[in-house]
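1. Predicted model and sequence follow; I will ask about them next.
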Amino acid sequence: MENKVFIGGGGEGYGDAQGLTLKYANRHGLIAGATGTGKTVTLQILAEGFSAAGVPVFLSDVKGDLSGLAASGSAEFKLHDAFTKRASTIGFNDYRYEAFPVTFWDLFGEQGHPVRTTVAEMGPLLFSRLLQLTEAQEGIMNIAFRVADEEGMPLLDLKDLQALLVWVGENRDELSLRYGNVSTQSVGAIQRALLVLENQGGAGFFGEPALDLADLMTTAADGRGQVNILAADKLMGAPRLYATFLLWLLSELFETLPEVGDPDKPKLVFFFDEAHLLFDDAPKALVDKVEQVARLIRSKGVGVYFVTQNPDDIPEDILGQLGNRFQHALRAFTARDRKALQRASETYRPNPRFETVDAIRDVGVGEAVTSMLEDKGVPGIVERTLIRPPSSKLGPASAAEREAAMAASPVRGKYDELLDRMSAYEILAARAEKAAKQAEAAEEAVEEMPPAEREFNAGRRYSGSRVPRSTSREDRSFGRKFGDAMSDAVIKEMKGTTGRRIVRGILGGLFKGR
């Protein structure tokens with residue numbers, strides 16, 4: 001198994017070693033199968049194999065079971081005899097129990113290091129997907145991001161975006177002339193969606209310090225790749241946030257990493273569990289984005305492995321790019337299930353020893369129908385493979401084991417303290433405060449004038465020339481409009497209780513550009 005990740009045994013009696021060639025591991029893969037057929041164990045042993053080969057791994061722990069990678073298996077475990085017997089069957093002669101270097105992450109900061117990004121890094125497309133915005137609302141989101149760039153207002157956290165949307169709503173007339181219609185109804189709908197996201201705990205995901213991608217691609221002192229585990233059991237309560245975060249992470253890797261061509265082994269392997277959540281009700285623009293990332297990110301040295309129950313959960317254009325496959329049993333209870341089973345079997349290179357469709361239906365727990373890329377990236381012949389037993393602990397790590405892993409983490413203390421530097425919220429608040437003080441100063445200056453001077457300034461003066469009746473009416477109308485507008489601006493600001501409003505000046509923006 002030199003330069004390969006050992007998977008298990010195939011052939012007659014499961015004695016033929018099956019391995020995933022590291023050189024082709026960045027050609028992506030699929031782990032599929034019905035609930036309870038062994039997908040999680042396959043994911044676990046792949047993570048172990050990549051780590052042992054010096055390849056960092058990122059995976060999401062949906063059920064909490066994968067945290068056991070941080071602890072060693074034990075001879076006292078109830079499946080110890082079954083594991084040793086399986087290792088003997090498949091010729092895994094150097095099988096031993098061991099723990100792996102693990103870094104725990106958590107969007108909520110409860111079971112691992114906090115994971116954050118900024119609103120600006122998320123971008124309007126993914127943010128609109130996260131909030132389930134309509135096309136019109138997505139257009140306003142794009143306007144908000146554009147204005148933030150032009151005005152030099154960093155969007156770091158949710159309160160920045162909320163404050164900016166208030167500004168956009170108050171200045172909708174001017175913005176509509178430049179960018180298209182901006183309605184208060186759409187702005188209000190976006191604000192309500194942000195409130196829902198905040199109530200779901202999503203506010204903690206946005207802010208600084210933002211995640212440094214280099215911290216996901218480290219190796220331990222002994223040369224093994226770091227296994228990055230995202231605690232996702234609570235996160236699954238907000239499935240759209242889960243899917244959007246993982247897609248953002250993929251996009252950031254794609255945008256940030258340099259081209260490396262075809263390396264001898266991947267720089268990072270990314271496992272996307274519950275992959276169907278990414279594509280449920282996804283707009284075409286988003287699916288196209290995923291396809292683009294999947295097609296091109298392999299040249300950045302990143303392998304992406306989708307984990308789901310049925311291959312049909314993955315769009316066909318993306319499924320065709322997944323060269324390394326681990327298909328656990330599919331159940332065929334209905335006509336639709338039988339069609340899905342048939343379609344799945346047709347994607348494999350046939351093996352004369354058995355019918356692929358029968359094998360996918362009949363493989364037992366811990367067994368999979370596998371096909372890995374071989375020389376020159378050609379799909380290998382399909383094989384029934386008995387998956388090797390894990391070396392790390394099967395099941396969740398204990399609280400003490402998790403704490404020990406956190407204490408030894410290479411990023412300990414780096415992300416624990418939340419930073420709140422000057423950004424859009426503070427800039428807009430400062431502008432509002434400055435405008436309020438100027439308005440108050442102007443009002444006090446008028447009040448401090450002597451009564452005669454105040455009456456003189458407020459009075460009408462004769463110009464010495466006769467003014468036509470129509471022009472005089474227009475001037476009086478303009479004076480009323482000017483006075484009403486100034487009064488409205490001052491009163492609006494003086495009545496404000498949040499301190500976030502921007503006082504709009506007369507005839508084009510008194511405070512624009514400040």
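-> Received, thanks. Because the structure is a prediction, the values reported are computed rather than measured. Residues are numbered from 1 along each chain as shown.
2. Neighbours of Glu98, how many?
-> The local packing of Glu98 (other Cβ atoms under 10 Å) involves 12 other residues. Heads up, the C-betas are built off the backbone N, CA and C, glycines and all.
3. remind me which residues of this structure are low pLDDT?
-> 454, 457-514 (pLDDT under 70).
4. send the alpha carbons of the helix or strand where Leu43 lies over as CSV?
-> Using DSSP states H and E, Leu43 sits in helix 39-52. Only the C-alpha atoms of helix 39-52 are listed here, as CSV (Å, rounded to 0.1, in the frame of the first residue of the first chain):
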residue,chain,number,x,y,z
LYS,A,39,-20.7,5.5,6.0
THR,A,40,-19.4,7.1,9.2
VAL,A,41,-16.8,4.4,9.7
THR,A,42,-15.7,4.7,6.1
LEU,A,43,-15.3,8.4,6.6
GLN,A,44,-13.3,7.7,9.8
ILE,A,45,-10.9,5.3,8.3
LEU,A,46,-10.3,7.6,5.3
ALA,A,47,-9.5,10.4,7.7
GLU,A,48,-7.1,8.2,9.6
GLY,A,49,-5.4,7.1,6.4
PHE,A,50,-5.0,10.6,5.0
SER,A,51,-3.7,11.8,8.4
ALA,A,52,-1.1,9.0,8.6
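5. how much does the following helix or strand past it deviate in direction from helix 39-52?
-> Next along the chain after helix 39-52, taking DSSP H and E as the criterion, comes strand 57-61. Strand 57-61 and helix 39-52 are oriented at 160 degrees to each other (axes from the mean of the first three to the mean of the last three Cα atoms, to 10 degrees).
6. neighbouring strands for strand 57-61, and are they parallel or not?
-> strand 227-231 (parallel), strand 268-273 (parallel) (DSSP bridges).
7. quick check, distance from the last one to the centre of its chain.
-> For strand 268-273, the separation from the chain centroid amounts to 13 Å (computed by Cα atoms, centre = their mean, to the nearest Å).
8. what helices or strands is the next helix or strand after it leaning on?
-> With elements assigned by DSSP H and E, the helix or strand that comes after strand 268-273 is helix 276-279. Applying 3 or more Cβ pairs under 8 Å, 6 or more residues apart in numbering; DSSP states H and E, one finds that helix 276-279 contacts helix 239-256, helix 284-296.
9. Single out the most deeply packed of these.
-> Stretch with highest mean neighbour count among the helices and strands packed on helix 276-279: helix 239-256 (a mean of 19; mean count of other Cβ atoms under 10 Å).
10. what helices or strands is that helix leaning on?
-> On a contact count with 3+ Cβ pairs under 8 Å, 6+ apart, helix 239-256 meets strand 57-61, helix 119-131, strand 268-273, helix 276-279, helix 284-296, strand 302-308.
11. any chance of the helices and strands packed on helix 276-279 in JSON lines, plus distance to Glu403?
-> Listed next are the helices and strands packed on helix 276-279 as JSON lines, based on distance: least, Cβ to Cβ, whole Å:
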{"stretch": "helix 239-256", "distance to Glu403": "25"}
{"stretch": "helix 284-296", "distance to Glu403": "35"}
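12. Gly366: which of these is closest?
-> Proximity to Gly366 (Cβ to Cβ) singles out helix 239-256 among the helices and strands packed on helix 276-279, at 26.8 Å.
13. could I get stretch 69-76 in CSV with only the CA atoms?
-> C-alpha atoms of stretch 69-76 as CSV (Å, rounded to 0.1, in the frame of the first residue of the first chain):
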residue,chain,number,x,y,z
LEU,A,69,-10.6,10.3,16.2
ALA,A,70,-8.9,12.2,19.0
ALA,A,71,-8.8,9.1,21.2
SER,A,72,-7.2,5.7,20.8
GLY,A,73,-9.3,2.5,20.4
SER,A,74,-9.2,0.0,23.2
ALA,A,75,-8.9,-3.7,23.7
GLU,A,76,-11.7,-3.4,26.2
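14. ok, and what's touching that stretch?
-> With contact meaning Cβ atoms under 8 Å, 6 or more residues apart in numbering, stretch 69-76 is reached by 44, 47-48, 80, 83, 97-100, 102, 104, 227, 229, 390-394, 397-398, 401-402, 404-405.
15. in the stretch 301-450 of the chain, which spans are helices?
-> For the stretch 301-450 of the chain, the helices defined by DSSP state H, counting those that start in this stretch cover 316-319, 335-345, 356-362, 399-407, 424-448.
16. swap in the stretch 101-250 of the chain?
-> Along the stretch 101-250 of the chain, the stretches classed as helices by DSSP H, counting those that start in this stretch are 119-131, 135-151, 158-170, 172-179, 184-199, 239-256.
17. closest to Phe306 out of the ones you listed?
-> helix 239-256 (10.5 Å).
18. for that closest one, the distance to its chain's centre please.
-> Relative to where its chain is centred, helix 239-256 has its mean C-alpha point 3 Å off (Cα atoms, centre = their mean).
19. So what touches it?
-> The contact list for helix 239-256 (Cβ under 8 Å, 6+ apart) reads 58, 60, 107, 115, 117, 121-122, 126, 129-130, 132, 197, 200, 202, 205, 213, 232, 235-236, 268, 270, 272, 274, 277-278, 280, 286, 289-290, 293, 296-297, 300, 302, 304.
20. Now restrict those residues to buried residues only.
-> Neighbour-count burial (16 or more other Cβ atoms under 10 Å) is assigned, among these, to 58, 60, 107, 115, 117, 121-122, 126, 129-130, 197, 202, 205, 232, 235, 268, 270, 272, 274, 277-278, 286, 289-290, 293, 297, 300, 302, 304.
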